[in-house]
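Student: quick check, what structure comes out for this input:
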Amino acid sequence: MCMLAEMKLSTIDLSILVGYFILITVVGLLVSKKASGSIKEYFLGGRSIPWYILGLSGMATFVDISGTAFQVKYFYLLGVKGYWVCYMGATALALAFLMIFTGKWLNRSGAMTNAEWMAFRFGNGIQGRLARLLSAISITVIVIAFLAYFFVGAAKTLHRYVPFFDNPNYTALAFFIIVMLYTVAAGFYGVVYTDMIQAFLIIFIVGYITYKAMVIGTPEYYGQYADTGWREYVSNDMNSIKTDFGPLGTMIIIWFFFNNFFQGFATPFDAWTSQRYYAAKDERESSLVACQWISLFSLRFLLMMGFGVLAIGIKDKISDPEMALSAVIDNLIPIGLKGLLLAALLAAAMSTLDSFVNSSAAYFVKDIYQEFINPTASEKELMKASYIVTFTVMVLGIIIGWNVESIGNIWGWICMGLFTGMLVPNILKWFWWRFNGMGFVFGMATGLIIALAHDYVFGKCSDHMKAINITWVSAVGTIIGVYVGKPTGMDVLINFYEKSRPFGFWGNVRRHCNQELVCEAVKENKRDLLLLIPACLWQLTLFCMMTSIVVKRWDVFFVSAFIVAVLSVVLYKYWYKNLKTI
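Tutor: Numbering: from 1, shown residues only. Coordinates of the predicted model:
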């Protein structure tokens, strides 16, 4: 750690960094009064924030310092083949589902949180209340795990530049405290409007890193520094490439894809993604949020590939591949721009962290404290409770992150452990009328428990085998719960179906609904299902296209660009022109 502590910023760069912190804090505090009017204002911005600002905020939330450092590691080690590692979860394929149908389904509910949505889906009886409680608890567990993940990334990256502490964990701790101050004060308004500033800063830095990587990336450069096949998407020795998740062979890539794809049907797992769809003005805007989110998020692939290209030229200065991003900043970025680039990376980290913190507070206040502890709580008491839970959740994340060394260890456990444990009940809640609150409770509880205790029950194994084990255990728990509990009341199911209008196994409910509405819903569902595959292909091909630009693989770029253009026309004609404002 002493070696890392020697990497300090110049006075100019440090001034830029400090100025950025002050700017973000001031902006957050300026909107704090607007956020204090009510819980809806504090957690959803009063459902008055335009879709394009929500989309910018979403992109900024998904570009974090820990995830970027982790993915840069694979672009640095594998070249463009690092794109396939992104299929584990960094492609965020659920955004395509949110764009086509899940986003508008969420918005139609009128709920504030996923946990409140459980009452909308299962009613306010014992099963609905238990499902609501389990949803809030699971979100809290996910948030704490992600906070630990962010803490490790902040400790590894920030300590190289901020000269105030000897211990990197203290540097990360100071960063967490700054984020907590403006997030607690300003709520969702603070999150979104600081995210907007951070998004523009991220876009600027993406452009700079892309340009620098393309200028330096000559055939002579790759010939001197890159391994054989570094610019190839596929090679004959894929199964010999080792990752944190086992060999990067065809089967693991297929597993990554299908795991990511089925998570789309289960969307949303988390609080921070769905929050922007609940906050949208109407269902049309909720769909547009996802479209812009995907388009802007594709820029992250320029950034990650750009860092990978620059990093191979300084291999002798990189001992830990997870530090490749930091090594590029240390050795290749000039004074002034270094401070700006670090501010952008901090923007990415802060925009993600503040979203997680704010959304987790919403779940505790709305779905645990108000629902189960103090139903008659005043607005003042609810706000006070949000401050307490924000502090507590952050402390727990810090404690876990303090004791974990690898970013990959936490990321693998979240994606292949927690998320797979929640997969089955979260899919069935949308698509099967007989699925009830007890099925959700049993499925989530078994999924969470086996994700935490897998190695004690099944022993050590590869991450994809762990995911399979967790999925079938959770599925068994889910089905047992469904038949232990009684079916949800028909009046609740009719209300849910007529508002959300999902596809799936709803025949027993449809016959009790307005038949004109049912016919319209069936027509809409058929169109949405047909559009899902083009939307997924559009998103993944767009990301591939961005990756190819940096390494000048123009053959891949032109094929990808043609596919993206054709799919864009299809989506414009059959998706965009059918969006409705309701």
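
Student: what residues does stretch 471-491 touch?
Tutor: With contact meaning C-beta atoms under 8 Å, 6 or more residues apart in numbering, stretch 471-491 is reached by 121-123, 125, 127-128, 420-425, 428, 433-447, 450, 509, 512. In short, each C-beta sits where N, CA and C put it, glycine included.

Student: among those, the buried ones, what's the PyMOL command?
Tutor: Buried residues among those (16 or more other C-beta atoms under 10 Å), as a PyMOL selection:
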select buried, resi 121+122+123+125+127+128+420+421+422+423+424+425+428+433+435+436+437+438+439+440+441+442+443+444+445+446+447+450+509
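
Student: how about low-confidence regions in the stretch 1-150 of the chain?
Tutor: 1-9, 28-29, 31-42 (pLDDT under 70).

Student: oops, could you answer that again for the stretch 351-500 of the chain instead?
Tutor: Scanning the stretch 351-500 of the chain for pLDDT under 70 picks out 351-352, 404-418, 462-464.

Student: torsion angles phi and psi at K242?
Tutor: The phi and psi values for K242, taken as degrees, to the nearest 10, are phi -90, psi 140.

Student: center of the protein - which residue?
Tutor: In the chain, the centroid-proximal residue (C-alpha atoms, centre = their mean) is F62; its distance is 5.1 Å.

Student: contacting residues for the nearest residue to that residue once chain neighbours are set aside?
Tutor: Nearest residue to F62, sequence neighbours excluded (C-beta to C-beta, 6 or more residues apart in numbering): F297, at 5.5 Å. Counting by C-beta under 8 Å, 6+ apart, F297 makes contact with 58-59, 62-63, 92, 95.

Student: mind running it again at 7 Å?
Tutor: The contact partners of F297, by C-beta atoms under 7 Å, 6 or more residues apart in numbering, come to 59, 62, 92.

Student: confirm that F200 sits in a strand.
Tutor: No: under DSSP: H, G, I helix; E, B strand; the rest coil, F200 sits outside any strand and is assigned helix.

Student: secondary structure element holding the closest residue to it other than its chain neighbours?
Tutor: The spatial neighbour of F200 that comes closest, neighbours along the chain excluded (C-beta to C-beta, 6+ apart), is L56 at 8.0 Å. For L56, the element it lies in under DSSP states H and E is helix 51-62.

Student: could you check the angle helix 51-62 makes with the helix or strand hosting M196?
Tutor: Using DSSP H and E, M196 maps to helix 168-216. In terms of direction (axes from the mean of the first three to the mean of the last three C-alpha atoms, to 10 degrees), helix 168-216 departs from helix 51-62 by 110 degrees.

Student: per-residue confidence averaged over the helix or strand following helix 168-216?
Tutor: Next in sequence after helix 168-216, counting helices and strands by DSSP H and E, comes helix 219-225. The average pLDDT within helix 219-225 is 94.

Student: for K73, what are its contacts?
Tutor: 321-322, 324.

Student: top of these by number of neighbours, please.
Tutor: Highest neighbour count within the contacts of K73, by other C-beta atoms under 10 Å: A324, with 24 neighbours.

Student: doesn't Y74 make contact with that residue?
Tutor: No: at 9.6 Å, A324 does not count as touching Y74 under the criterion of C-beta atoms under 7 Å.

Student: what sits in contact with each of these two?
Tutor: By C-beta under 7 Å, 6+ apart, no residue touches both A324 and Y74.

Student: wait, what's in contact with the closest residue in space to S10 that isn't next to it in sequence?
Tutor: Closest residue to S10 in three dimensions, ignoring its sequence neighbours and counting by C-beta to C-beta, 6+ apart: I335, at 4.8 Å. Residues near I335 by C-beta under 7 Å, 6+ apart: 10, 12-13.

Student: which among those residues end up buried?
Tutor: Buried members of those, counted by 16+ other C-beta under 10 Å: D13.

Student: just put the contacts of I335 in TSV and tack on distance to V289 and secondary structure.
Tutor: Listed next are the contacts of I335 as TSV, based on distance: C-beta to C-beta, whole Å; DSSP: H, G, I helix; E, B strand; the rest coil:
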residue	distance to V289	secondary structure
S10	39	coil
I12	37	helix
D13	35	helix
